[in-house]
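Undergrad: I would like the atomic coordinates for the input below:
(2 chains)
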There are 2 protein chains.
Amino acid sequence: MVSEKSVNNTATQHTTQPSLDSLIDLVDADMKRVNQVIIDNMHSDVALIPQLASHLVAAGGKRMRPMLTLASARLCGYEEGDSAVNMAACVEFIHTATLLHDDVVDESLLRRGQESANALFGNEASVLVGDFLFARSFVLMVKNGSLKVLDILARASAVIAEGEVMQLSTANDMATTEQAYLDVIMAKTAALFGAASHIGAVIAGRPEDEELALRDYGLHLGTAFQLIDDVLDYSAHQATLGKTVGDDFRDGKVTLPVIIAYANGDEDEKAFWRRCMEDQDFRDGDLDHAQSLIRKYNTLEATMNRAREYGQLAIDDLAGFPDGPIKNAMIEAVEFCISRPY
Amino acid sequence: MVSEKSVNNTATQHTTQPSLDSLIDLVDADMKRVNQVIIDNMHSDVALIPQLASHLVAAGGKRMRPMLTLASARLCGYEEGDSAVNMAACVEFIHTATLLHDDVVDESLLRRGQESANALFGNEASVLVGDFLFARSFVLMVKNGSLKVLDILARASAVIAEGEVMQLSTANDMATTEQAYLDVIMAKTAALFGAASHIGAVIAGRPEDEELALRDYGLHLGTAFQLIDDVLDYSAHQATLGKTVGDDFRDGKVTLPVIIAYANGDEDEKAFWRRCMEDQDFRDGDLDHAQSLIRKYNTLEATMNRAREYGQLAIDDLAGFPDGPIKNAMIEAVEFCISRPY
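TA: Modelled structure (predicted):
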């Protein structure tokens, strides 16, 4: 799955599929502390809050974003201290808050293969516990005392919300351009990846060029990550992992696989996409037909190629940093994001 | 409406009903700047965000909270500079974000006598624009550079969310005690009033005893304010102002007027409250019957007496500050909150 170019540039030859294992191993001890910080800071005497929050913690997820903060700080020579652990926890809090609100917005009943919080606890609790986690992350940031980190994460939070609103505006609109789609995913997903790695350099007290290189690494990685997410939503393989396929289709989210299929489609095919995505008028077999059009125009492969391009940019962003196990793990994380089956 | 005691203590004899006019006049120039800061900071290239946000600004409201920040700073001798104006805008942003999320949680169709944002723009946009405003308020706080103000407002934001979740937990539960009710309103309403006046002292660089006195003033005022809000929800006079009456009743929110009526009720009356509030099984004439029980036990008057007690505490909190027009206006604001018809 990884392009020749990136493999040659980085000299990380994988005989097996790239995985997150190297990254996970490197930050394992710190991630245990991150989990503890998360548990400590979601405490509330209002029982429903830790109940709902621990449902989310138990559901897990890849924890890519806090790992990025820890790895970036390490890549910048940061070794000891609580800042990276605490700020990684803040990043995960912000991510969790946005997931809670996302599921309300999307009316999702599943999250990471399990019943979503809104399905279990109701929309009201999901909105409010999201607000609570978001506020608590700022309390924790203030304790840490870096106005620069606060600035980066507050701005990223505003951009994420903007991206989600943009996504609402482009939903059900087949006139959505590839650029508008990229703007959405940069804002709703890549911004937090970028902020997560950016603050790693800030915490380590590195010069601005390293800060910006790591910010860009996160932005590019996050863009690749979301492109693959949007591929997986149409991938038959998802179904074998107990995940739903076609959520984006049913929600009328106009993602790149659809944009390309629509651009290449004949009049009948265009009318089909408009009926489904714009009018939300679904008939039996529509998802199968959508998938067949996506295969006909190879749009998943085209979208994966875009992801590979962004992945290569992310790898290039690391060029100025010292070679070693951390850099290799961060490169493999990019390769994993592009080739991941889930 | 104002007790003899407070009038004697404060020497503010009103021949007319107390109003917010003195406070409004005193901070008028600054509030114009607050409005401009709000407009500037809700800007986004994503058109739906300023659209929805300006709907909220146009809807107005009393703007009590930002006025408290401005007045508290002035009472502490703060005269010039942007901090008070900017932080007052942050307070209003946080308040607006919580209103947006509240309306989603309550499924309210009206807010301040107008169609609510969720009714006009949908729940999704209300959740996300709330998040955006909340994040932007933190960006603005960071720009201002006071970690102490950030800490106070971040903690208040977490407490508000806790209060709202507590309210969900006590809704539809006639076993709710007066203390549980007071805990809810302290958290969901009084905390932001307290933070708003607290940061006034912080911005003015005053010693801790003045900070805490102003924080307590806000907490007590906010508690009185919410008690009266809960009275007004059952007040026939509300209807003449174009507001809905009985929202809390229909939502099964167990507020003090109901708690007292329930405690005093006979078995039939208790069963009535449980059927309505717990089972949400409503029949024709139920709101009228609820209002007649509330009249029977004088529970609006009892609730107003609690509000007067908290109002008196708020006035007492100002005792150590210099007499003058600002203090008088802050005292009259308390009296207004207690006697307000809207």
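Undergrad: which residues of chain A score low on pLDDT?
TA: Across chain A, residues meeting the criterion (pLDDT under 70) sit at A:1-15, A:106-114, A:236-243, A:342.
Undergrad: center of it, which residue is that?
TA: By C-alpha atoms, centre = their mean, chain A has its centre lying nearest to residue A:189, at 4.9 Å.
Undergrad: that's a strand at it, yeah?
TA: No. The assignment for residue A:189 is helix, going by DSSP: H, G, I helix; E, B strand; the rest coil, so no strand is present there.
Undergrad: my read: it touches residue A:221, true?
TA: No. Assessed by C-beta atoms under 8 Å, residue A:189 is found out of contact with residue A:221, at 9.9 Å. C-betas here are computed from N, CA, C, even on glycine.
Undergrad: The residue nearest to the centre of chain A: what's it in contact with?
TA: Going by C-beta atoms under 8 Å, 6 or more residues apart in numbering or on different chains, residue A:189 touches A:163, A:222, A:223, A:225, A:226, A:229.
Undergrad: For residue A:222, see how far away it is.
TA: Distance, residue A:189 to residue A:222, using C-beta to C-beta, to the nearest Å: 5 Å.
Undergrad: same question, residue A:320
TA: According to C-beta to C-beta, residue A:320 and residue A:222 sit 20 Å apart.
Undergrad: who has more neighbours, those two?
TA: Shown here are residue A:320 and residue A:222; by other C-beta atoms under 10 Å in any protein chain shown, residue A:222 has more neighbours (28 against 9).
Undergrad: Confirm the more buried one sits in a helix?
TA: Yes. Assessed with three-state DSSP, residue A:222 lies in a helix.
Undergrad: That one contacts residue A:190, doesn't it?
TA: Yes. Using C-beta under 8 Å, residue A:222 makes contact with residue A:190 at a distance of 3.3 Å.
Undergrad: Show me what from the stretch 101-250 of chain A comes close to chain B.
TA: A:101, A:104-105, A:122-125, A:127-132, A:134-136, A:138-139, A:141-143, A:145, A:147, A:150-151, A:154-155, A:157-158, A:160-162, A:164-166, A:168-169 (C-beta under 8 Å from any C-beta of the partner chain).
Undergrad: Among these, which lie within helices?
TA: When these are checked against helices (DSSP state H), the matches are A:101, A:104-105, A:123-125, A:127-132, A:134-136, A:138-139, A:141-143, A:147, A:150-151, A:154-155, A:157-158, A:160-162, A:164-166, A:168-169.
Undergrad: From these, list just the buried residues.
TA: Neighbour counting with 16 or more other C-beta atoms under 10 Å in any protein chain shown marks A:101, A:104-105, A:123-125, A:127-132, A:134-136, A:138-139, A:141-142, A:147, A:150-151, A:154-155, A:157-158, A:160-162, A:164-166, A:168-169 as buried within these.
Undergrad: tell me which strands and helices the helix or strand hosting residue A:215 is in contact with?
TA: Element membership for residue A:215, per DSSP states H and E: helix A:208-232. Identification of packing neighbours for helix A:208-232 by 3 or more C-beta pairs under 8 Å, 6 or more residues apart in numbering or on different chains; DSSP states H and E yields helix A:64-75, helix A:178-185, helix A:191-203, helix A:256-264, helix A:299-317, helix A:325-339.
Undergrad: Now tabulate those helices in JSON lines and tack on mean neighbour count.
TA: Output for these, formatted as JSON lines (neighbours: other C-beta atoms under 10 Å in any protein chain shown):
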{"stretch": "helix A:64-75", "mean neighbour count": "27"}
{"stretch": "helix A:178-185", "mean neighbour count": "18"}
{"stretch": "helix A:191-203", "mean neighbour count": "29"}
{"stretch": "helix A:256-264", "mean neighbour count": "22"}
{"stretch": "helix A:299-317", "mean neighbour count": "21"}
{"stretch": "helix A:325-339", "mean neighbour count": "23"}
